[in-house]
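# sequence plus predicted model, see below.
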Amino acid sequence: MLGAALCGRIAEIDAGGVMLLAASPVIGSFLGTIILRLPEGEPILQGRSRCAHCGARLAARDLVPLLSWLFARGRCRHCGKVLGWFYPGIEAAAVALALVSLSIATGDLAAWVDWLLGCWLLALGWIDLRRWLLPDALTLPLILAGLGGAAWLAPGELVDRAAGAALGYVILRATAWAYRRLRGIEGLGGGDAKLLAAAGAWVGAAALPSVLLGAACAALIAVAGLAIAGTRLSRRSALPFGPFLALATWAVWLLGPLPF
């Protein structure tokens, strides 16, 4: 039933939705550049794309999102080495975010906002998964974007959003301090606190328990999946929390908080 309803909504996509779908793989490719270059301190908008294996400069025909990879069968046309799944994966993920946004949102503006938030969170979660890092260059503007969006589109929610940002930061900073005092090791980084602050700036203070519960449940599912796959986890094993916070934030933004 749910799948049929979503397909029905997608079938009703208008011109604005088509533009969003067309833009999504292009922005997905740009997200890939951010994910790879930002943690390294490399310029994002400068420098030509090159093959990671042979260093050959990639022409425009090599950079068409998804299509270039498919036509080249996932290999560099210069050296023949396998290019990997990263760029097509992030481009396909951006398209998937667009489809979900279009199937849930009411109106083109809402769909674009939902999708842009999803892409922002996708970049943060992917960087944290690869590098155990949530860059201030992405988390802090996301806080400002949430508060600015509230001031522009929902001024009645601005106080709640601001309180959510402050409370989200304090909750995880206090949790990290307590964990460090009890176990003598770091459990949560400052980036996690800033990401939860960004979540509060978007969904408000009252929805923060739903974000935290959703992130914790997603993390437990990931741990169970790793255990089933044969990865042994000990008391000192760790997973980056950012991807789960990002997923839970977007889910609560789209669907609303849990009915506690």
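All right, it came through fine.

# is it true that Ile90 touches Trp126?
Yes. Here Ile90 reaches Trp126: they are 7.0 Å apart, a contact under CB atoms under 8 Å. For glycine as for every other residue, the C-beta is placed from the backbone atoms N, C-alpha and C.

# more neighbours, the two?
Ranked by neighbour count (other CB atoms under 10 Å), Ile90 and Trp126 place Ile90 first, with 25 against 22.

# now do the SS call for the more buried one.
Classification of Ile90 by DSSP: H, G, I helix; E, B strand; the rest coil places it in helix.

# got the contact list for it?
Ile90 sits next to Gly28, Ser29, Leu31, Gly32, Ile35, Leu122, Trp126 when contact means CB atoms under 8 Å, 6 or more residues apart in numbering.

# ditto for Trp253
Trp253 sits next to Asp114, Leu117, Trp202, Val203 when contact means CB under 8 Å, 6+ apart.

# same thing but at 6 Å, please
Trp253 makes contact with Trp202, Val203 under the criterion CB atoms under 6 Å, 6 or more residues apart in numbering.

# pLDDT score assigned to it?
At Trp253, the model reports a pLDDT of 97.

# any idea which helix or strand carries it?
Trp253 is part of helix 242-255 when elements are defined by DSSP states H and E.

# now do that helix: distance to the chain's middle.
Relative to its chain's centre, helix 242-255 lies at 8 Å (CA atoms, centre = their mean, to the nearest Å).

# same check on stretch 224-240?
How far stretch 224-240 lies from its chain's middle: 22 Å, per CA atoms, centre = their mean.

# now do the buried residues in it.
For stretch 224-240, burial by neighbour count (16 or more other CB atoms under 10 Å) applies to Pro240.

# for it, list the C-alpha coordinates in PDB.
What follows is stretch 224-240 as a C-alpha-only set of coordinates in PDB (Å, rounded to 0.1, in the frame of the first residue of the first chain):
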ATOM      1  CA  ALA A 224      23.500  -6.200  14.800                       C
ATOM      2  CA  GLY A 225      24.200  -6.200  11.000                       C
ATOM      3  CA  LEU A 226      28.000  -6.100  11.600                       C
ATOM      4  CA  ALA A 227      27.700  -9.000  14.100                       C
ATOM      5  CA  ILE A 228      25.600 -11.100  11.600                       C
ATOM      6  CA  ALA A 229      28.200 -10.400   8.900                       C
ATOM      7  CA  GLY A 230      30.900 -11.800  11.200                       C
ATOM      8  CA  THR A 231      32.500  -8.500  12.500                       C
ATOM      9  CA  ARG A 232      33.300  -8.900  16.200                       C
ATOM     10  CA  LEU A 233      32.700  -5.900  18.400                       C
ATOM     11  CA  SER A 234      34.100  -5.400  21.800                       C
ATOM     12  CA  ARG A 235      33.300  -3.000  24.600                       C
ATOM     13  CA  ARG A 236      36.000  -0.700  23.100                       C
ATOM     14  CA  SER A 237      34.700  -0.900  19.600                       C
ATOM     15  CA  ALA A 238      33.400   2.300  18.100                       C
ATOM     16  CA  LEU A 239      31.200   3.500  15.300                       C
ATOM     17  CA  PRO A 240      30.900   7.100  14.000                       C
END
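
# with that, I have no additional questions.
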